[in-house]
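J.: pasting the sequence and the predicted model now:
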Protein chains: 2
Amino acid sequence: MSQKSKVLIVGCGAVGTMCAFTVQKSGTATVTAILRSNFDAVNAQGFYIDSIDHGTISNWKPHSIVRNIEDAVQHGPFDFVLVAMKNLPDVYSIPDIIRPVVTPIVTSIVLVQNGIAIEQPFLDAFPKNTLLSGVAMIGCELNGRDVLHNDPDILYIAPFLNPQLPEADQHDACRKFAGMYESGGAKCPVVEDIVWSRWRKLVWNASFNTVCALTNLDSGRVQDAGCVDTLIRPAMAEIVAIAKAANYTLPPDILDQMVAFTPKEVYAKPSMQVDAIRGRPMEIEVILGNPLRTAEELGVEAPTLSILYKLLKARQWAFRNLQG
Amino acid sequence: MSQKSKVLIVGCGAVGTMCAFTVQKSGTATVTAILRSNFDAVNAQGFYIDSIDHGTISNWKPHSIVRNIEDAVQHGPFDFVLVAMKNLPDVYSIPDIIRPVVTPIVTSIVLVQNGIAIEQPFLDAFPKNTLLSGVAMIGCELNGRDVLHNDPDILYIAPFLNPQLPEADQHDACRKFAGMYESGGAKCPVVEDIVWSRWRKLVWNASFNTVCALTNLDSGRVQDAGCVDTLIRPAMAEIVAIAKAANYTLPPDILDQMVAFTPKEVYAKPSMQVDAIRGRPMEIEVILGNPLRTAEELGVEAPTLSILYKLLKARQWAFRNLQG
């Protein structure tokens, strides 16, 4: 019987908590999770999870919970540090945050985050570590210690190759993580090209997510308001054009797919809209800023994305400068 | 001594109330004003006006106040029907509203309203009436029966020529109105080309007003947030380009003028932002829709205005469909 992997979850929002649950359920890992606002509630009663993949689970706890990175160190060294924090490079540096828990050679860093062009800062900061890049297709929300997981968990994953390490080792680490995740009862396909998967998900995030945030309409009502034709499809088409210029060709019917994938009847608020309502920082840079920088480098016009970006930046400025 | 003119004010917001005051102060007219939500308060105590042009006036009342168009009829026939309603052709037809108080030949209609391309529906509806088109440069606000008038009143005016009437008569009517307005203590220059003045004012309204509404930042803070360079100047430049294509050439430094005219230190909410906060219909069509239709006819690109328009339409959709 092989030794269990040690896994640390950094960023236990809804997605991070479901990752923690799945990894722990595999029986092949010991899981440490860093909790912040809900530490006391979870410490006392555990999570209550209502999951489309796993059923209903009361009083669930990770093997260890800690309050911060420093307290996590004692539970290492970690084989996997899974990062599911909100991706806000304009607010904080995640490489700086996780540095104390990343052991050279030993630790594989697993990104479960939105956006495009998010990997390079980790390769730069951790030249001796394997980096796995993951794109989560999952629907879930967290309130206190309650998780509602209502759309199945599929985590697309691949090594984002570190030229300074043997390639085979990086693929091994990826297969090991994916095997663990799948044996925990979720899907974790290892893909050929994870950057393509990131562009694909970005088609939705750069359009529905941003327009919902600016109009304060959920993903159903934003369609009733006529925004699919006026704003969402034009924004999607610009992402497709930028991706193509960057040599990532998305399927010809990707716009239709993404609209079809978003039922009009479901009044769901995407993450950026929730952030906008709560006055919290939004993932503007990884969802719009990075693709727009790519567009500029490659000479692709992206007027819709550009204006959405500038408006969201102004909203975010207000959150930071006019509150409290 | 010549007979006093009969003037009806339709739309007694802040601007309409100040127009009523100025016309009445001239001593050359009897003024009827249609009041809605503040009828009882004004009937009991009059307006309280704190004016940069006229000083402080308590308990001021128009000669007659009425609750609606039908009740106004008895005070006519009117020489001038001054329309200062919010300009919402997508919500109501102002020609239909004022029809009962417009007497053919006798009545000159005076528009004191925002936007571009707003005159033709009145010429179409009232082929036997003079139409005066006015652009108000004024800063004022109304709360209940209290008017704060903090930026001097300059009303640019000209006849919007009705080809079915003698031109001289239309100029006479314009001079008569302007003389009355000036003798009431405000400025009322008769201009050569009122459409040029409309485009000029639109440079501000299509940029500051719309961006403030979408970001919920006032005209000072929107500058602190960096929007002048990212959104406001690009929007202004598009208006200038559309105007030029339509043969209205604005001054080369118009963008600088408009930014300089908007002090950073004054945290003033433009009308569209106030409407957005209150969930009321915004003047989207006359401020963005009409210039965008002109842009399309003339083949001028206006990506910034177009996206601001689509986002504001979505916000407005929400006001109409998700309230009460």
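T.: Looks like it arrived, so ask away.
J.: for chain A, which helix is longest?
T.: Longest helix of chain A, by residue count under DSSP state H: helix A:303-321.
J.: give me the helices and strands touching it, please.
T.: When contacts are defined as 3 or more CB pairs under 8 Å, 6 or more residues apart in numbering or on different chains; DSSP states H and E, helix A:303-321 packs onto helix A:210-215, helix A:233-245, helix A:284, helix A:290-298, helix B:210-215, helix B:221-224, helix B:303-321. Yep, even glycine has a C-beta here, placed from its N, CA and C like the rest.
J.: what mean pLDDT does that helix have?
T.: Mean pLDDT, helix A:303-321: 95.
J.: and it, what's buried?
T.: By 16 or more other CB atoms under 10 Å in any protein chain shown, the buried positions in helix A:303-321 come out as A:303-318.
J.: what's the answer for stretch A:166-174, then?
T.: So, applying 16+ other CB under 10 Å, buried residues of stretch A:166-174: A:Q170, A:A173, A:C174.
J.: restricted to helices, list these.
T.: By the criterion of DSSP H, membership of the buried residues of stretch A:166-174 in helices covers A:Q170, A:A173, A:C174.
J.: local confidence estimate at the last one?
T.: The reference is to A:C174. pLDDT, A:C174: 98.
J.: need the contact list for it.
T.: By CB atoms under 8 Å, 6 or more residues apart in numbering or on different chains, the residues touching A:C174 are A:S108, A:T130, A:L132, A:I157, A:A158, A:P159, A:V190.
J.: please name the nearest non-neighbouring residue to it.
T.: The shortest distance from A:C174 to any non-neighbouring residue, by CB to CB, 6 or more residues apart in numbering or on different chains, is to A:P159 (4.7 Å).
J.: next up, phi/psi of the one you found, please.
T.: phi -70, psi 140 (degrees, to the nearest 10).
J.: pretty sure it sits against A:L123.
T.: No. Checked against CB atoms under 8 Å, the pair A:P159 and A:L123 is beyond contact range at 10.9 Å.
J.: compare these two (neighbour count), which wins?
T.: Higher neighbour count among A:P159 and A:L123: A:P159, with 22 against 17, using other CB atoms under 10 Å in any protein chain shown.
J.: how near is the more buried one to A:A243?
T.: Distance of A:P159 to A:A243, computed by CB to CB, to the nearest Å: 21 Å.
J.: any idea how far chain B is from A:G139?
T.: Distance of A:G139 to chain B, computed by CB to the nearest CB, to the nearest Å: 23 Å.
J.: so is that residue in a helix, a strand, or just coil?
T.: strand (DSSP: H, G, I helix; E, B strand; the rest coil).
J.: can you name the residues bridging to it?
T.: A:G139 forms beta bridges with A:D151, as assigned by DSSP bridges.
J.: got the residues of the stretch 151-300 of chain A near chain B?
T.: A:211, A:214-217, A:221-222, A:224-227, A:230-231 (CB under 8 Å from any CB of the partner chain).
J.: need those in a markdown table with pLDDT, neighbour count and distance to A:L255, can you?
T.: Compiled in a markdown table, these are given as follows (pLDDT from 0 to 100; neighbours: other CB atoms under 10 Å in any protein chain shown; distance: CB to CB, whole Å):
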| residue | pLDDT | neighbour count | distance to A:L255 |
| --- | --- | --- | --- |
| A:V211 | 98 | 27 | 14 |
| A:L214 | 96 | 24 | 20 |
| A:T215 | 95 | 25 | 19 |
| A:N216 | 94 | 16 | 23 |
| A:L217 | 95 | 24 | 19 |
| A:R221 | 96 | 20 | 20 |
| A:V222 | 97 | 28 | 15 |
| A:D224 | 96 | 17 | 19 |
| A:A225 | 96 | 23 | 18 |
| A:G226 | 96 | 14 | 16 |
| A:C227 | 97 | 25 | 14 |
| A:T230 | 97 | 18 | 14 |
| A:L231 | 98 | 27 | 13 |
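J.: between the residues you listed, which is nearest B:G144?
T.: A:N216 (29.0 Å; CB to CB).
J.: for the closest one, which residues are in contact?
T.: Here A:N216 is in contact with A:Q273, A:A276, A:I277, B:R315, B:A318 (CB under 8 Å, 6+ apart).
J.: ok, now A:V240?
T.: A:V203, A:L250, A:I254, A:L255.
J.: ok, back up a step: which residues do A:P159 and A:L123 both contact?
T.: Common neighbours of A:P159 and A:L123, using CB under 8 Å, 6+ apart, are A:L131.
J.: all strands of chain A, in order?
T.: Listed in chain order, the strands of chain A (DSSP state E) span A:5-10, A:29-34, A:47-51, A:55-60, A:64-66, A:80-83, A:108-112, A:130-143, A:146-159.
J.: for the contacts of A:N216, which one is nearest B:G139?
T.: Using CB to CB, those come closest to B:G139 at B:R315, 24.5 Å.
J.: my guess is that closest one meets B:A276, correct?
T.: Yes. The pair B:R315 / B:A276 is scored as a contact, 6.3 Å apart, by CB under 8 Å.
J.: roughly how far apart are the closest residue to A:I97 other than its chain neighbours and A:I254?
T.: Distances taken as CB to CB, 6+ apart place A:I69 nearest to A:I97, at 6.3 Å, with adjacent residues excluded. Taking CB to CB as the measure, A:I69 falls 38 Å from A:I254.
J.: what's the answer for A:A117, then?
T.: A:A117 sits 19 Å away from A:I254, going by CB to CB.
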